[in-house]
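>>> Here is a sequence with its predicted model. Questions after.
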Amino acid sequence: MQRPIWILAPCLLGAALFAQSLLAASLVPPAGYYAPVAVSDKQAQACQATPQPYTDKLVFRSKYEGSGKARATLNKASEKAFRDKTAAITELERGVSKQVTQYLRHGQAEQLECALQWMSEWAEADAMLSSDYNHTGKSVRKWALGSLSSAYLRLKFSESRPLAAYAQQTRLIEAWLSKMAEHSVHDWSDLPLKKINNHSYWSAWSVMATAIATDRRDLFDWAVQQFRVGANQVDPDGYLPNELKRSQRALAYHNYAMPPLMMLAAFAQANGVDLREENQGALKRLAERVLNGVDDPDDFARTTGKHQDMQDLKKPSKYAWLAPYCTLYACSADTQAFKQEMGPFNNYRLGGDVSQLFDPKKRKGS
């Protein structure tokens with residue numbers, strides 16, 4: 001039976017107003033990002049000279065150079081060439097993350113000013129904005145963007161408002177982060193499904209972090225869409241077909257895909273977008289497949305036909321995704337125990353002290 005128009009109208013009006021309010025609302029991070037700056041008497045370290053801003057073309061050798069389609073065999077010579085050429089970028093990423101963490105833990109103003117100085121000088125130089133790049137180069141740009149934006153977020157949203165006295169620097173930094181995000185959107189859009197893998201998920205995370213830092217709904221929407229593409233790649237058994245191609249590193253790359261996907265889901269959730277049921281609960285299905293694989297890699301070995309390389313999976317920081325995972329889902333006792341064993345998590349590409357960010361005891365108002 002058709003409802004009278006006078007009954008439908010309030011429903012439609014309510015839905016429209018709700019949608020409008022979502023569009024008008026400022027973007028926010030998960031609750032842990034509001035943590036206040038702590039105070040201690042720990043002596044601050046001196047601010048080191050800013051790494052030389054990288055303004056050259058973004059063309060780098062791959063550490064898997066010459067390894068064939070699986071891209072699974074490390075080339076030590078090309079890895080060294082890559083590390084050498086990207087040393088300043090890595091120093092910036094790690095340094096800013098450490099400075100922000102030290103400031104928030106101990107209230108050392110010198111560390112805050114150092115982080116802002118480093119980012120400002122790179123912003124002024126238009127660093128990492130070259131349109132001349134190869135695949136490894138655009139990968140480096142999005143990794144750096146994720147590291148810097150996720151560290152900056154912790155400053156911007158802390159209830160202590162540490163950036164209030166640095167308006168000029170924050171405008172400069174946010175404009176630069178926005179430009180890098182726009183490059184990343186261009187770099188990683190419209191790829192064929194066979195080429196969408198962990199790189200695309202990490203790009204989406206970097207753009208999501210920047211979207212929240214700069215309050216840009218267009219970047220947020222793009223990042224959510226990339227998550228959905230990734231979630232719909234998860235097969236019924238919880239595998240990512242394009243990561244299975246990594247042969248003996250398939251399990252390691254499934255695990256490597258988890259941090260950006262989990263952070264995307266947590267940030268979307270904070271802004272009223274629940275991605276957990278995408279593709280029939282794909283994210284949880286993938287997480288369970290990875291956790292089972294870490295416990296017993298035989299299924300991955302049978303599926304790929306290759307004994308799995310577990311070296312990367314021995315590093316605790318590789319499981320930083322468990323921090324947001326156990327806020328999005330009710331983790332089992334075994335998963336909680338594994339999380340406790342591997343943590344606390346610190347990952348500079350996810351904002352540094354990830355455990356603190358998703359620890360309910362440290363949330364705003366608790």
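Perfect, thanks for sending it.
>>> Give the buried residues for stretch 104-123.
For stretch 104-123, the neighbour count (16 or more other CB atoms under 10 Å) marks 104-108, 111-116, 118-123 as buried. C-betas here are computed from N, CA, C, even on glycine.
>>> And for stretch 84-95?
Under the neighbour-count criterion of 16+ other CB under 10 Å, stretch 84-95 has 85-86, 89-90, 92-93, 95 buried.
>>> Can you name the residues in contact with it?
Contact with stretch 84-95 is made by 48, 51-54, 60-61, 83, 115, 118-119, 122, 128, 140, 143-144, 147-148, 348-349, as judged by CB atoms under 8 Å, 6 or more residues apart in numbering.
>>> cool, stretch 285-305 as well?
Stretch 285-305 is contacted by residues 234, 236-240, 244, 247-248, 250-251, 254-255, 257-258, 261-262, 307-308, 310, 313, 321, 325, 329, 335, 338 when judged by CB under 8 Å, 6+ apart.
>>> cool, and stretch 157-168?
Residues outside stretch 157-168 that contact it (CB under 8 Å, 6+ apart) are 28-29, 33-37, 103-104, 112, 116, 155-156, 170, 364.
>>> Show me which of those is closest to residue 217.
residue 28 (12.2 Å; CB to CB).
>>> Which residues are in contact with that closest one?
157, 212, 270-271.
>>> Apply 10 Å and report the result again.
Going by CB atoms under 10 Å, 6 or more residues apart in numbering, residue 28 touches 34, 153, 157, 212, 215, 267, 270-272.
>>> again with residue 352
By CB under 10 Å, 6+ apart, residue 352 lies in contact with 94, 96-102, 104-105, 147, 150-151, 154, 345-346.
>>> can we see that at 6 Å?
Residues near residue 352 by CB atoms under 6 Å, 6 or more residues apart in numbering: 97, 101.
>>> Low-confidence ranges, the stretch 151-300 of the chain, go.
Counting by pLDDT under 70, the stretch 151-300 of the chain shows no low-confidence range.
>>> which residues in it form helices?
Using DSSP state H, counting those that start in this stretch, the helices of the stretch 151-300 of the chain run over residues 167-188, 198-214, 217-231, 241-244, 250-270, 282-295, 298-304.
>>> could you dump these to TSV with mean neighbour count and distance to residue 357?
Below are the helices of the stretch 151-300 of the chain laid out as TSV (neighbours: other CB atoms under 10 Å; distance: least, CB to CB, whole Å):
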stretch	mean neighbour count	distance to residue 357
helix 167-188	19	19
helix 198-214	26	12
helix 217-231	20	18
helix 241-244	18	26
helix 250-270	25	9
helix 282-295	20	18
helix 298-304	16	30
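>>> now these in a markdown table, with distance to residue 355?
Output for the helices of the stretch 151-300 of the chain, formatted as a markdown table (distance: least, CB to CB, whole Å):
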| stretch | distance to residue 355 |
| --- | --- |
| helix 167-188 | 25 |
| helix 198-214 | 18 |
| helix 217-231 | 23 |
| helix 241-244 | 26 |
| helix 250-270 | 13 |
| helix 282-295 | 17 |
| helix 298-304 | 27 |
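>>> wait, which of those is closest to residue 353?
Residue 353 lies closest to helix 250-270 among those, at 13.9 Å (CB to CB).
>>> ok so, going back, list just the nearest of the contacts of residue 28 to residue 356.
When the contacts of residue 28 are compared for distance to residue 356 (CB to CB), residue 34 comes out closest, at 11.7 Å.
>>> Average pLDDT for stretch 33-43, rounded please.
Average pLDDT, stretch 33-43: 91.
>>> quick one: terminal-to-terminal distance for it?
End-to-end span of stretch 33-43 (CA to CA, to the nearest Å): 24 Å.
>>> Show me which positions of it end up buried.
So, applying 16+ other CB under 10 Å, buried residues of stretch 33-43: 33-35, 37.
>>> Do you know the pLDDT at residue 335?
Residue 335 is assigned a predicted lDDT (pLDDT) of 97.
>>> That one - that's part of a helix, no?
Yes: under DSSP: H, G, I helix; E, B strand; the rest coil, residue 335 falls within a helix.
>>> Once you drop chain neighbours, what's closest to it?
Residue nearest to residue 335 in three dimensions, not counting chain neighbours: residue 291, with 6.4 Å by CB to CB, 6 or more residues apart in numbering.
>>> State the distance from that neighbour to residue 332.
Remark: distance between residue 291 and residue 332 (CB to CB, to the nearest Å) = 9 Å.
>>> can you check residue 169 too?
Here residue 169 is placed at a distance of 45 Å from residue 332 (CB to CB).
>>> same thing with residue 134?
The gap separating residue 134 from residue 332 is 42 Å, by CB to CB.
>>> Repeat that for residue 33.
Plainly put, residue 33 is 27 Å away from residue 332 if you go by CB to CB.
>>> what does residue 155 give?
In terms of CB to CB, residue 155 sits 35 Å off from residue 332.
>>> Looking at these two, which one has more neighbours?
Neighbour totals were compared for residue 155 and residue 332, and residue 155 leads with 23 against 12 (other CB atoms under 10 Å).
>>> Would you mind putting the CA coordinates of the strand or helix carrying residue 84 into CSV?
With secondary structure defined by DSSP states H and E, residue 84 is part of helix 76-85. Output of helix 76-85 as CSV, limited to C-alpha atoms (Å, rounded to 0.1, in the frame of the first residue of the first chain):
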residue,chain,number,x,y,z
LYS,A,76,70.4,-6.0,-2.2
ALA,A,77,72.2,-3.6,-4.6
SER,A,78,69.1,-1.8,-5.8
GLU,A,79,67.8,-1.7,-2.2
LYS,A,80,71.0,0.1,-1.1
ALA,A,81,70.6,2.5,-4.0
PHE,A,82,67.0,3.1,-3.0
ARG,A,83,67.9,3.7,0.6
ASP,A,84,70.7,6.1,-0.2
LYS,A,85,68.6,8.2,-2.6
